Structure formats: C-alpha cells, structure tokens
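Asker: Here's my sequence, what's the structure:
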Amino acid sequence: MKLLRAQIIIILLLFFFHLQATAQERPKIGLVLSGGGAKGLAHIGILQAIDSAGLKIDYLTGTSMGSVIGGLYAIGYSGNDIEKIARDLNWNTLLSNKPDYKNISIEEKDEYAKYSIELGLEKLQPQIPSGLIESEELWLTLTQLYSPVYDIKDFSKFNIPFKCIATDLSTGNAVVHSQGEIVTAIRSSMAIPSIFTAVGYDSTKLVDGGIVRNFPVIDVKEMGADYVIGVNLFEGLPDISKLNTAMDIFYQITQYRDAEDLVKEKRLCDLIIEPPLEKYSAGSFSDANDIIAIGKEIGKLYYPFFKKLADSLNAIQHIHYSPDGRLPKSHKLVIDKIEFIGIEKTNKELLQDKLGIEAGASYSIDELNAGFRNAFSTRYYKNVYYQLTPTEKDHANLTCIVKEAPLTQAKVGISYLTFTGFAVIANLTLRDLLFTKSRTMAKFAVGEYFRGFVQHRQAFGKKTNSYFNISYEYDHLPLNLYDESNKRVVYNINKSLFDLNFTKVFTINWSVTAGTNFQNVRYSPEVTPEQISYRGNFTEIFSYIRTESKTINSPNFPTSGHELLAEIGIDYNRSLHISADTTDNYIEGISAKVKGTPELYRLRLKYITYKPLSIRSTLILKMEGAYCINSKDFILDNYFTGGIQYILNQQIPFAGINEGQIITNSTAIAMVGYQYNLLGHLLLLGRVNTSIYNYDNLWSTDKTQSKEAKWINGFSAGIGYDIGALPMEITAMYSPEINAVYSNIKVGFIF
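Answerer: Below is the predicted model of the structure:
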C-alpha cells in the first residue's frame with residue numbers, strides 16, 4: 001500500500017503539470033471500466049470516490065461487467081446507488097437458468113427444484129443442455145434498472161455519453177454499441193461464450209466484448225476524451241489453480257486475444273487504476289462484499305487525485321455538478337400496442353392471461369416485470385422478456401420476446417432418507433397433452449420402498465388461475481411403532497388414494513383448494529417381536545378445504561419468506577377390517593369388520609417464517625398443530641409426530657425424535673431454529689422445539705376415553721450443504737423425555 005501511495009503522488013504531480021501546460025479550455029474526462037466478472041464490483045468504490053470528489057465524467061466506456069456498472073453510472077445512478085443495487089441482487093439467481101423460488105407460481109412449486117437432472121424432450125429425443133444460461137431474471141433486472149432511459153435510443157444522450165463493447169460471433173470483430181436498446185447492448189457485452197447465450201443482433205449474434213477489447217480506451221478517446229482514467233481488472237492470465245468454476249475457465253479463454261490488446265489500450269490512459277484482486281476470480285460472486293470493500297479502499301486512496309483534478313478543471317471552467325439527481329424519473333407507461341415474437345408451440349392466450357397486461361392501460365416497470373415473472377413461472381418458457389418502443393410521452397409499444405421450453409420434460413433425482421433409505425426419483429411431465437393449458441405428470445420413487453403419483457391439472461378461466469386436478473397416489477412405506485425409545489413393531493403400509501379438487505390461485509404465492517379423495521390402506525406387520533400384531537385394511541372418503549401460501553426464497557435452506565398451510569376436513573364412509581397375528585400362527589376367526597364408523601373431523605395449521613438476521617444468519621420460527629375429533633385411537637387416523645422433513649401425509653415433524661415416534665390425535669408444536677452460513681454452501685443448523693399432545697381431554701366429558709395430556713421437548717444440531725442439484729443435511733437429535741440420541745440424514749430430494 002505504501003508503494004501504491006507513492007505511485008499515486010508521482011502520477012498526481014506529472015498529471016497536473018501536464019494539465020496546467022496544455023489547458024486553454026476545460027478538458028474532457030473519459031472513464032474506462034474493464035470487464036472482470038465478479039471482480040467488476042470493485043468499480044463501484046472508484047465511482048464513489050469520483051462522486052465524493054465532485055469530479056464530472058464527460059465520456060464513459062465499458063466492457064462486460066464494466067458495461068453493466070458503467071452503464072448504470074452513465075444513465076444517472078450514483079456510486080452509492082450502484083452499491084445498494086449490487087448488495088441487494090441475488091447473484092445466484094441472476095447467473096443461473098432457474099428463477100427465484102419465490103417467483104414460481106404456487107401451483108408449480110410442488111415440482112420445482114426437486115431433481116438433479118432435467119431434460120427437455122422433442123419428438124421423444126432428449127434435448128441435451130448446452131450449458132448456456134438464458135437467465136430470465138437477468139433480462140428483467142436489467143430492464144428494470146435501465147427503465148429510466150427506455151425512451152433514449154442514442155447513448156450519447158445519456159447523462160454521460162456511453163459506449164459498450166460486444167463481439168460479433170460470426171467475424172470475431174468488435175461491435176461498439178452507441179445506440180439502440182440499452183438492455184440488449186449490456187446483455188450482449190457480458191455474454192461470456194458457453195456461459196451465457198449469445199444475443200441476436202441484426203443478422204448475427206453477439207457475445208462478450210472482453211474477447212476482443214476488454215479495456216476499451218480507444219473508444220473513449222474517439223468520443224472526445226482529452227484525459228482518460230482507466231480501471232483495469234485484468235492482471236494477466238491467472239494461474240491454473242485459480243480456475244475453480246465454469247465461469248473462471250471460459251473467462252480465461254476469452255482473455256487470450258485481449259491480453260495483446262491490453263498493452264496498446266493501457267498506453268492511451270493518463271491514469272490506470274488496478275485494484276489488488278489477485279485472490280479473486282471472475283466467478284467469485286460469493287465474495288461480492290469483500291470485492292466491493294477492496295474497491296472502496298482503492299477509491300479512498302485515489303480520492304485526493306480526483307479531488308485535485310475536479311478543482312483544477314473548475315478553475316479553468318466552473319461547471320456545477322452533483323452525482324445525485326442525474327437519473328431521469330420513472331413514470332407509469334401507457335402500453336399502446338403489444339406484439340409477440342417467438343410463439344410457436346405454446347398457447348398465446350395462456351401467455352396473455354399470465355402477463356395480465358392489456359393495451360391501453362398504464363403500468364409501472366415493477367408491474368410489467370411482475371407480469372413477465374408470472375408468465376415465466378408457468379415453466380412454459382426458457383425466457384420471456386420485453387422491449388419498450390416509445391410512441392409519445394409516457395406511451396410505448398411493448399414487444400414480448402419468447403423462447404419456448406420443450407413441452408415434455410424428463411427429470412431424475414436421487415434421495416436418501418434415514419426413514420425410507422435410498423431411492424431414485426423419476427418424473428415425466430407433459431404440458432398441453434390432452435388439452436391446452438394443462439400439465440400431465442407421472443413420477444415414481446424406486447428403492448427400498450416404492451411411491452408413485454400420477455396427476456392431470458387443467459387450467460381454465462379468464463386469468464388462467466383456476467385449476468381442476470385429478471390424481472392417483474400409491475405409497476408403500478414403513479410405519480414404526482415405539483415404546484418410549486424402543487422400536488417395538490414395524491408395519492408395511494400400502495396406500496392408494498384418488499383425489500379430485502378445484503384450486504383457485506389468487507396471487508403467485510397463495511391458493512385455496514377444495515376437494516375430495518378416496519383412500520384404501522392395507523397394513524401388515526413387517527417386523528414384530530410382539531406376541532400379537534394386526535393386519536387388515538380400511539377405506540374412507542375425505543373432503544377438505546385447504547389454503548396455502550409460500551413466499552420462501554428457496555425450497556432448500558430458505559433465508560426469507562414464510563410457509564402457511566391451513567386445512568379443515570371430514571372423513572366419512574369409513575370401513576375398517578382388522579385381523580390378528582401371533583408369532584406362531586394366524587388366529588382364525590379373530591377379526592373384526594366395522595362399517596359406518598364415526599366421522600372424523602380434522603383441523604391442521606402450519607406456519608413457518610424465516611427472518612434474516614444478517615447476510616449469513618437466519619432465524620426460523622414455526623407453529624404447527626393438528627387435531628382429529630372423534631378419533632377412537634386407531635393408529636392410522638392419528639398424526640405421526642417426529643422427524644425433520646415432511647415425508648408422510650399425516651406427519652408433524654418434531655426435532656428430537658424419529659418419524660412417528662409419537663402417534664396422537666392432537667398435537668401443538670412451537671419451534672425456534674437458527675441457520676448460519678458458515679462458508680460457501682456449508683450451513684450450521686439448530687432447532688429447539690416443544691410440544692403438547694393428547695390434549696383432547698381438555699374438552700372431553702368422557703375422561704375414560706381420553707389420554708392424559710403430555711409435554712415433550714426436543715433439540716437438534718446439524719450441518720447442511722446447499723447444492724441445488726444435491727442438497728444434504730445431517731442432524732443429531734435429542735429429547736430429554738425420551739432420553740435417546742438419534743441421527744437424521746437427508747441427501748437429495750423428498751418425493
């Protein structure tokens with residue numbers, strides 16, 4: 001740092017000697033921001049120092065991440081504004097093909113992000129992923145950020161005249177964007193080959209400008225800059241040991257040609273700033289906060305230079321300048337006309353319904369983006385975004401650009417749970433198979449136990465937010481019965497369930513469902529040390545009303561949002577058959593068959609909220625309860641308390657005991673949890689919960705039929721590894737009332 005300070009002083013003296021010798025009129029200052037992937041976030045601190053010094057930049061050029069940061073600065077965002085934007089962005093979502101979980105429509109959340117591999121099928125031929133990122137969220141985020149200048153197609157008319165660089169994929173030549181659609185220009189400038197999809201432009205395709213000109217000094221000179229400040233993030237080709245991600249590797253490839261161009265570009269600079277970012281790479285977005293901090297430190301070192309330069313320029317010709325207030329104000333826009341490009345196999349009416357945008361009405365950019373996120377959440381599209389063409393003041397035509405996803409998808413995931421063992425989960429989803437606006441799905445879990453599910457979902461209605469669902473579910477699962485900490489019997493449960501329901505989706509994260517199902521359950525002992533056990537089957541019909549709301553930001557280890565489920569229903573037309581086994585012989589004649597058993601009334605409520613305490617830590621609060629009225633203590637009528645994950649239909653997870661270790665007709669649980677991001681994807685997890693169960697005797701007048709209400713407490717500690725393709729969680733649990741330590745392992749996904 002001392003050597004760097006000395007260099008700055010020498011540069012400062014030489015620069016101002018030159019300035020005083022040549023100044024007759026106020027010189028024009030050019031700023032050049034190089035590409036660098038995640039390292040480009042260091043540009044922010046330099047911009048903040050320039051703002052603090054009151055230095056007016058007259059021309060600006062950038063490439064790749066330098067074009068993103070530089071473009072925002074050019075249209076009027078201050079350095080402080082850009083820092084807030086960078087810290088608030090979800091980089092994992094922006095740099096992936098998957099939308100944020102909270103932006104997936106609630107009727108699609110059940111199957112989203114539950115598989116390691118997803119392949120589109122066209123005419124039964126698998127469409128192998130190219131590895132390219134479409135990034136719907138990147139298009140919409142850029143559109144939102146640059147919306148204040150949607151009507152400015154000449155980049156020289158921005159608050160600071162601006163150019164950015166892309167590469168023509170067909171010729172390998174540089175394309176200098178100075179007019180047109182600013183979002184398209186920025187997106188093409190950062191399209192790293194084999195990472196991001198190329199961007200269509202006239203009759204060719206464009207990719208990252210860093211391939212040919214990562215440090216576009218010559219362009220800012222051509223714009224008219226007399227003195228050039230360059231922020232260069234390329235320090236030569238990095239050591240092979242630092243290439244840890246796909247983005248690192250492909251960014252390395254793009255730099256081979258640029259390494260030669262950099263030498264001549266640097267010679268054109270009057271001041272070169274090169275932040276010390278040797279330990280970071282293009283893909284180090286998980287270190288965004290550290291990179292921003294380094295940029296801020298370097299900005300502070302160069303602040304005296306920027307301040308002296310601003311004062312000297314104002315001595316020649318004073319110009320009032322403030323970094324704030326440069327950004328044009330956004331207004332609602334009246335959409336005069338809507339045009340659709342790219343619709344071939346999907347339903348245009350469905351897209352219009354999901355967008356909720358009509359010609360002649362006015363919308364804010366937030367409202368437009370919400371409509372496009374809603375359309376994308378249907379999973380019909382690889383991406384669907386828009387461009388605005390101004391017609392008159394606060395009026396525009398909207399062009400909806402669609403890239404359709406295959407209507408058929410095959411998905412595969414793996415699962416290992418302590419409760420059910422290992423399984424392979426396979427899914428085949430077909431959209432618009434029988435009718436338009438429909439989803440037909442079959443999925444199976446094949447392993448030690450077998451599960452299957454087939455469903456047809458049909459959408460209808462003006463807004464396509466009403467659904468009829470018909471499904472069949474088959475489960476072959478174990479049921480463990482405990483005596484305190486000792487497992488005394490294991491039953492095989494074979495359940496068949498037919499369900500028909502109607503669902504109304506009110507918002508992207510909230511729905512109400514009313515339905516009826518018929519189930520037939522066969523049960524028999526698998527392992528039993530007891531003198532007598534039971535086998536048989538029972539049938540019943542269950543009618544219910546259920547409401548669900550999910551705003552969590554991830555299906556695995558969420559850090560914000562909530563989950564709500566409330567259900568009320570009645571079991572009726574119940575028929576029960578029981579036979580007895582002994583360890584020696586089947587006892588003929590000891591059986592019972594009962595029809596018309598009393599109706600059961602069920603109530604269930606679950607609410608979980610995730611509160612971020614800091615960037616790394618999350619507080620988890622849960623309240624959950626269930627109550628079965630008229631239960632006569634038949635095991636399969638009751639709720640199975642225990643475990644960490646939701647596996648069984650009537651399970652109430654409770655940290656401290658195993659799945660179904662407590663079987664009860666009434667339970668209420670309160671839990672406090674804590675989640676800490678230790679390093680990268682590694683998480684620490686802790687839970688403390690308490691429960692009261694068998695509390696129905698608080699209201700029952702027949703005390704002989706009621707069990708005594710009991711309390712139980714439980715604790716767990718574990719580690720998680722948050723890889724989207726294969727999430728993992730290993731947990732140790734303890735309950736003082738049971739006085740036993742248990743482990744719970746989850747690898748992969750739950751059926």
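Asker: ok, for G714, nearest residue in space, not its chain neighbours?
Answerer: Take G714 and drop its neighbours on the chain: the residue closest to it by CB to CB, 6 or more residues apart in numbering is G656, 1.9 Å away. Yep, even glycine has a C-beta here, placed from its N, CA and C like the rest.
Asker: which residues touch that neighbour?
Answerer: Under the criterion of CB atoms under 8 Å, 6 or more residues apart in numbering, the neighbours of G656 are 642, 689, 712-716, 733-735, 738, 742.
Asker: one more time with 7 Å
Answerer: G656 makes contact with 689, 713-716, 733-735, according to CB atoms under 7 Å, 6 or more residues apart in numbering.
Asker: Just the buried residues of the residues you listed.
Answerer: Among those, those classed as buried by 16 or more other CB atoms under 10 Å are 689, 713-714, 716, 733-735.
Asker: As TSV, those with secondary structure would be great.
Answerer: TSV is the format used below for the buried ones among the contacts of G656 (DSSP: H, G, I helix; E, B strand; the rest coil):
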residue	secondary structure
N689	strand
N713	strand
G714	strand
S716	strand
M733	strand
Y734	strand
S735	strand
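Asker: For L407, state which of those is nearest.
Answerer: For those, the minimum distance to L407 (CB to CB) is 42.6 Å, reached by S716.
Asker: ok, now which ones touch that closest one?
Answerer: 644, 655-656, 686-687, 731-733.
Asker: Could you check how far it is from H562?
Answerer: 21 Å (CB to CB, to the nearest Å).
Asker: same check, this time on F502
Answerer: Applying CB to CB to F502 and H562 gives a distance of 25 Å.
Asker: the more surrounded of the two?
Answerer: H562 (16 against 12; other CB atoms under 10 Å).
Asker: looking at this, that one is in a strand?
Answerer: Yes - remark: H562 belongs to a strand, assigned using three-state DSSP.
Asker: Pick out whichever of the contacts of G656 sits closest to M65.
Answerer: S716 (41.6 Å).
Asker: excluding its backbone neighbours, what's nearest the closest one?
Answerer: Closest residue to S716 apart from its sequence neighbours, by CB to CB, 6+ apart: A655 at 3.8 Å.
Asker: Please apply the same query to S735.
Answerer: Take S735 and drop its neighbours on the chain: the residue closest to it by CB to CB, 6+ apart is G656, 3.6 Å away.
Asker: per-residue confidence for the one you found?
Answerer: As predicted, G656 sits at a pLDDT of 96.
Asker: and if you look at the one 10 residues further on?
Answerer: The pLDDT attached to S666 in the predicted structure is 94.
Asker: Please name the residues that touch it.
Answerer: Per CB under 7 Å, 6+ apart, neighbours of S666: 627-628, 693-696.
Asker: got these as JSON lines, with pLDDT columns?
Answerer: Formatted as JSON lines, the contacts of S666 follow (pLDDT from 0 to 100):
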{"residue": "Y627", "pLDDT": "95"}
{"residue": "C628", "pLDDT": "93"}
{"residue": "Y693", "pLDDT": "94"}
{"residue": "N694", "pLDDT": "90"}
{"residue": "Y695", "pLDDT": "83"}
{"residue": "D696", "pLDDT": "70"}
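Asker: worst-scoring helix or strand of this structure, pLDDT-wise?
Answerer: Among the helices and strands of the chain, strand 586-595 carries the lowest confidence by mean pLDDT, DSSP states H and E, at a mean of 49.
Asker: Check which element follows that one along the chain.
Answerer: Next along the chain after strand 586-595, taking DSSP states H and E as the criterion, comes strand 600-612.
Asker: In stretch 632-642, which residues are buried?
Answerer: 634, 636-642.
Asker: so which of these would you say is closest to K746?
Answerer: Distances from K746 to these, taken as CB to CB, are shortest for G642 (14.4 Å).
Asker: ok, now how distant is the closest one from A709?
Answerer: 18 Å.
Asker: what do you get for S78?
Answerer: S78 sits 61 Å away from A709, going by CB to CB.
Asker: quick one, which of the two is more surrounded?
Answerer: S78 (20 against 14).
Asker: list the contacts for the more buried one?
Answerer: Residues counted as contacts of S78 (CB under 7 Å, 6+ apart) are 51, 323-324.
Asker: cool, S511 as well?
Answerer: Counting by CB under 7 Å, 6+ apart, S511 makes contact with 106-107, 503-505, 548.
Asker: one more time with 8 Å
Answerer: Neighbours of S511 in contact, by CB under 8 Å, 6+ apart: 106-107, 503-505, 547-549.
Asker: I669 - that's part of a helix, no?
Answerer: No - remark: I669 does not belong to a helix; assigned using three-state DSSP, it is strand.
Asker: Take the contacts of S78 and keep only those in helices.
Answerer: D51 (DSSP state H).
Asker: What's the first helix or strand after the helix or strand harbouring N517?
Answerer: Using DSSP H and E, N517 sits within strand 510-527. Next along the chain after strand 510-527, taking DSSP H and E as the criterion, comes strand 532-550.
Asker: on contacts alone, who are the packing partners of that following strand?
Answerer: Counting by 3 or more CB pairs under 8 Å, 6 or more residues apart in numbering; DSSP states H and E, the packing neighbours recorded for strand 532-550 are strand 510-527, strand 561-582.
Asker: N383 is in what secondary structure piece?
Answerer: Counting by DSSP H and E, N383 is found in strand 381-392.
Asker: Let me see the contact set for Q317.
Answerer: Counted by CB under 8 Å, 6+ apart, Q317 has contacts 25-26.
Asker: how about 6 Å then?
Answerer: R26 (CB atoms under 6 Å, 6 or more residues apart in numbering).
Asker: swap in T389?
Answerer: 396-397.
Asker: Could I get the CA-only coordinates of stretch 740-751 as PDB?
Answerer: Extracted in PDB, the C-alpha atoms of stretch 740-751 (Å, rounded to 0.1, in the frame of the first residue of the first chain):
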ATOM      1  CA  ALA A 740     -32.100 -41.100  23.500                       C
ATOM      2  CA  VAL A 741     -29.900 -39.600  20.800                       C
ATOM      3  CA  TYR A 742     -31.000 -40.100  17.200                       C
ATOM      4  CA  SER A 743     -29.500 -39.200  13.800                       C
ATOM      5  CA  ASN A 744     -31.300 -37.900  10.700                       C
ATOM      6  CA  ILE A 745     -29.800 -37.900   7.300                       C
ATOM      7  CA  LYS A 746     -31.200 -36.400   4.100                       C
ATOM      8  CA  VAL A 747     -29.400 -36.400   0.800                       C
ATOM      9  CA  GLY A 748     -31.100 -35.300  -2.300                       C
ATOM     10  CA  PHE A 749     -34.800 -34.700  -2.600                       C
ATOM     11  CA  ILE A 750     -38.100 -35.800  -1.000                       C
ATOM     12  CA  PHE A 751     -40.700 -37.400  -3.200                       C
END
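Asker: Right, I'll leave it there.
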